[in-house]
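Trainee: I'd like to go over a predicted model; first the sequence, then the structure.
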Amino acid sequence: VMDMTQGNMAMLILSFALPLMLGNVFQQFYTVADTAIVGKILGVDALAALGTVESINWLVLGTIQGITQGFGILVSQQFGAKKEEALQETIFHASFLAVVAAILFTVGILIGLPGLVGILQVPVDIRPICLDYLYVLFGGIPLMMLYNFTAAMLRAFGDSKTPLTACVIAALFNIALDLYFILELGWGVKGAALATVIAQTLASAYCLWKLCRIEVLAEKRKAAKWRLHAGLCGKLIYLGLPMAFQNLVIAIGGMIVQTVVNSFGVAFIAGYTATCKLYGILEVAATSYGFAMVTYAGQNLGAGKTDRIKEGTRIGVLIGVLTSFVITGLMFLFGRNILGLFISADASQGSQAAVVAWRFLRIMSSFLWVLYILHIVRSVIQGMGNTVIPLVSGIFEFIMRTGATLILPVLFGENGILFAEVLAWMGADLVLIPGYFYMRKKLLSGRSNQGDVQSAVCSSEKEKNQPYGGRFRLEAPVPQGWFFFSCLLYTSPSPRD
């Protein structure tokens with residue numbers, strides 16, 4: 001647990017972000033391993049199949065991450081405000097909402113997969129491979145939700161080391177199981193998907209165990225009110241839903257891009273896919289800084305230290321831009337060799353794919369600083385409790401990405417689509433940077449109630465009799481046995497037991 005409301009700001013941001021960065025590196029490592037094993041062993045068709053459905057994967061994962069990160073905003077604010085009883089109750093409500101969302105996503109996605117693959121215009125010859133992979137992968141949606149929920153709660157408490165350990169565990173098991181299922185058992189892409197699900201299970205179990213042992217939760221669990229308050233559920237949904245919708249809009253834009261990419265043939269798809277897999281490494285530090293900044297802003301807002309938010313944002317942007325310059329240099333030096341891990345250049349299609357991949361990588365690397373500003377500023381705004389401005393930025397990102405995808409190939413051929421991602425980043429920044437200054441002005445002038453912890457946390461006996469601001473008066477009793485991991489959270493042994 002890390003208190004980010006006091007101490008050196010740069011050191012706090014770096015000490016929080018570095019474990020996440022290492023964890024993301026391991027996560028990307030097993031993503032790269034998946035891609036390399038599939039591309040080298042199963043061939044270009046299998047690699048292209050995984051690439052054509054990447055946008056569907058992000059649609060599901062991005063929505064889950066948006067919801068759980070939104071829940072984490074309120075938790076970080078309450079932790080900063082030292083409101084332990086409200087903190088415990090918020091996690092209980094967030095757990096309930098996460099389980100409901102996981103059930104709905106699992107049923108809806110599994111039913112709708114054939115239709116989604118058809119919308120993407122996946123080439124007929126690789127469509128069966130796509131469906132084999134996705135049915136196995138999305139059967140594990142509840143485990144995706146469990147991992148992202150527990151990791152978001154841990155980050156809200158300032159714990160970035162546990163997700164690191166979980167990612168290391170997942171990466172090692174995922175690579176070992178990939179090799180066993182694909183090489184030894186010959187299960188193809190189904191084996192790759194199953195390896196990912198099993199690795200996610202282990203990571204989820206570890207994060208849940210660590211969350212249950214946080215002292216403030218263990219000490220307060222017996223005082224938990226096992227009733228659902230509509231007002232608190234509404235506050236969590238207000239924070240989580242725009243973030244989920246933001247990621248959903250971005251994912252839909254990605255699906256449109258992928259539909260156009262799919263029309264350029266298997267070699268182009270494979271090259272585009274290889275760079276998209278490497279994109280995770282380009283972004284790894286940006287997402288880590290983003291997680292650090294949302295926790296930093298949330299805790300300091302809860303503690304009423306708005307001046308630290310202003311100065312911390314300036315430091316965070318500086319750190320992010322400098323980091324992006326270093327990664328850009330590394331990609332120009334070693335990027336072509338890294339791409340060679342994914343693509344076998346022996347066949348003619350492989351050679352064509354390698355050319356596309358290297359061209360795409362150079363374009364994205366050149367504008368990486370734009371992406372890093374995007375992640376840091378957006379996360380600060382979210383930590384302040386405003387998830388609407390980031391949603392608007394996601395819509396602008398969608399407009400820029402889809403507009404470039406539909407127009408540039410007409411003007412410049414298939415290479416035009418390679419600029420769509422960079423233009424999308426710029427579109428988001430055009431909203432986020434003014435949005436940050438708007439939020440900062442409101443906070444410093446005292447005219448904003450955005451993210452105010454008091455809007456969701458009872459602070460007096462009168463408020464306790466009228467839960468969560470009086471707008472929502474309904475209380476619903478919790479059905480017994482409605483989900484297992486919230487029960488574990490409030491009945492697991494204390495670290496002192």
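Mentor: It's in.
Trainee: State the three-state secondary structure for the nearest residue to N24 once chain neighbours are set aside.
Mentor: Leaving aside its sequence neighbours, N24 sits nearest to V284 (C-beta to C-beta, 6 or more residues apart in numbering; 4.2 Å). The way it works is simple: take the backbone N, C-alpha and C, and place the C-beta from them, glycine included. Taking DSSP: H, G, I helix; E, B strand; the rest coil as the rule, one finds V284 in the helix state.
Trainee: Near V284, how many other residues are there?
Mentor: When neighbours are defined as other C-beta atoms under 10 Å, V284 has 22 of them.
Trainee: Pretty sure it sits against V25.
Mentor: Yes: counting by C-beta atoms under 8 Å, a contact exists between V284 and V25, whose distance comes to 5.8 Å.
Trainee: Would you state the predicted confidence (pLDDT) at the residue nearest to N24?
Mentor: pLDDT recorded at V284 is 80.
Trainee: how about the strands of the stretch 201-350 of the chain, start to end?
Mentor: Remark: strands assigned in the stretch 201-350 of the chain by DSSP state E, counting those that start in this stretch are 227-229.
Trainee: Tell me where the model's unsure across the stretch 301-450 of the chain.
Mentor: For the stretch 301-450 of the chain, the stretches with pLDDT under 70 are 342-350, 444-450.
Trainee: Give me the distance between the residue nearest to N24 and A292.
Mentor: Distance of V284 to A292, given as C-beta to C-beta, to the nearest Å: 13 Å.
Trainee: same check, this time on Q65
Mentor: Q65 sits 16 Å away from A292, going by C-beta to C-beta.
Trainee: next one: G118
Mentor: 40 Å.
Trainee: what do you get for T90?
Mentor: In this view, T90 and A292 are 21 Å apart by C-beta to C-beta.
Trainee: So which of these two has more stuff around it?
Mentor: Neighbours per residue, other C-beta under 10 Å: of T90 and A292, the larger number sits with A292, 31 against 25.
Trainee: OK, contacts around that one?
Mentor: L12, I13, F16, A17, L20, S160, G316, S379 (C-beta atoms under 8 Å, 6 or more residues apart in numbering).
Trainee: Just the ones of those in helices?
Mentor: Under the assignment DSSP state H, these contribute L12, I13, F16, A17, L20, G316, S379 to helices.
Trainee: from the residues you listed, which is closest to G254?
Mentor: Closest approach between these and G254, by C-beta to C-beta: S379, at 20.3 Å.
Trainee: give me the element D3 is part of.
Mentor: For D3, there is no host helix or strand (DSSP states H and E).
Trainee: What sits closest to it if chain neighbours are left out?
Mentor: Nearest residue to D3 in three dimensions, chain neighbours excluded: G158, at 6.5 Å (C-beta to C-beta, 6+ apart).
Trainee: I figured A101 hits G70, correct?
Mentor: No: checked against C-beta under 8 Å, the pair A101 and G70 is beyond contact range at 11.1 Å.
Trainee: The residue nearest to Q352 when sequence neighbours are not counted - how many residues pack around it?
Mentor: Leaving aside its sequence neighbours, Q352 sits nearest to A267 (C-beta to C-beta, 6+ apart; 3.9 Å). The number of residues packed near A267 is 21, by other C-beta under 10 Å.
Trainee: next one: K305
Mentor: 17.
Trainee: Contact partners for it?
Mentor: Contact partners of K305, counting by C-beta under 8 Å, 6+ apart, are T5.
Trainee: quick one: it and G316, what's the gap?
Mentor: 15 Å.
Trainee: Ok, Y206 next?
Mentor: Y206 sits at a distance of 28 Å from G316 (criterion: C-beta to C-beta).
Trainee: which of the two has more neighbours?
Mentor: A count of neighbours by other C-beta under 10 Å puts G316 above the other of Y206 and G316, at 28 against 20.
Trainee: my guess is the more buried one meets I376, correct?
Mentor: Yes: between G316 and I376 a contact is recorded at 4.8 Å, counting by C-beta under 8 Å.
Trainee: Give the intersection of the neighbour lists for those two.
Mentor: With C-beta under 8 Å, 6+ apart as the test, G316 and I376 both reach Y289, M293.
Trainee: coming back round to it: which of A101 and G70 has more neighbours?
Mentor: G70 (26 against 21).
Trainee: Nearest residue to the middle of the protein?
Mentor: Relative to the mean C-alpha position of the chain, the nearest C-alpha, by C-alpha atoms, centre = their mean, is the one of Q65, at 4.3 Å.
Trainee: what's the offset of the strand or helix carrying it from the middle of its chain?
Mentor: If you go by DSSP H and E, Q65 is part of helix 54-80. Chain-centre distance of helix 54-80: 6 Å, with C-alpha atoms, centre = their mean, to the nearest Å.
Trainee: same deal with stretch 162-178?
Mentor: That offset, for stretch 162-178, works out to 17 Å (C-alpha atoms, centre = their mean).
Trainee: Name the nearest residue to V75, sequence neighbours excluded.
Mentor: That would be A156: by C-beta to C-beta, 6+ apart, it lies 3.9 Å from V75.
Trainee: What is the neighbour count of that neighbour?
Mentor: For A156, the neighbour count with other C-beta under 10 Å is 30.
Trainee: measure it to N337 for me?
Mentor: A156 is 39 Å from N337, by C-beta to C-beta.
Trainee: Could you do V356 as well?
Mentor: V356 is 16 Å from N337, where distance means C-beta to C-beta.
Trainee: Looking at those two, which is more packed in?
Mentor: When neighbours are counted by other C-beta under 10 Å, V356 and N337 differ, and V356 comes out ahead with 25 against 8.
Trainee: Tell me the secondary structure of the more buried one, please.
Mentor: At V356, secondary structure determined by three-state DSSP is helix.
Trainee: check contacts around it.
Mentor: Shown in contact with V356 (C-beta under 8 Å, 6+ apart): A267, F268, A270, G271, Y272, T275, L418.
Trainee: Which one of these sits in the busiest neighbourhood?
Mentor: When neighbours are counted by other C-beta under 10 Å, G271 leads the contacts of V356 with 33 neighbours.
Trainee: Surely that one touches A353?
Mentor: Yes: shown here, G271 and A353 form a contact pair, counting by C-beta under 8 Å, at 3.7 Å.
Trainee: close enough to count as contact, I433 and L374?
Mentor: No: taking C-beta under 8 Å as the definition, I433 is not a contact partner of L374, at 9.3 Å.
Trainee: More neighbours: which of the two?
Mentor: Taking neighbours as other C-beta under 10 Å, I433 and L374 compare with L374 leading, 25 against 15.
Trainee: For T287, see how far away that one is.
Mentor: Using C-beta to C-beta, one gets 11 Å for the distance from L374 to T287.
Trainee: what's the answer for W358, then?
Mentor: Counting by C-beta to C-beta, the separation of W358 from T287 is 24 Å.
Trainee: So for these two, which residue has more residues nearby?
Mentor: Higher neighbour count among W358 and T287: T287, with 20 against 17, using other C-beta under 10 Å.
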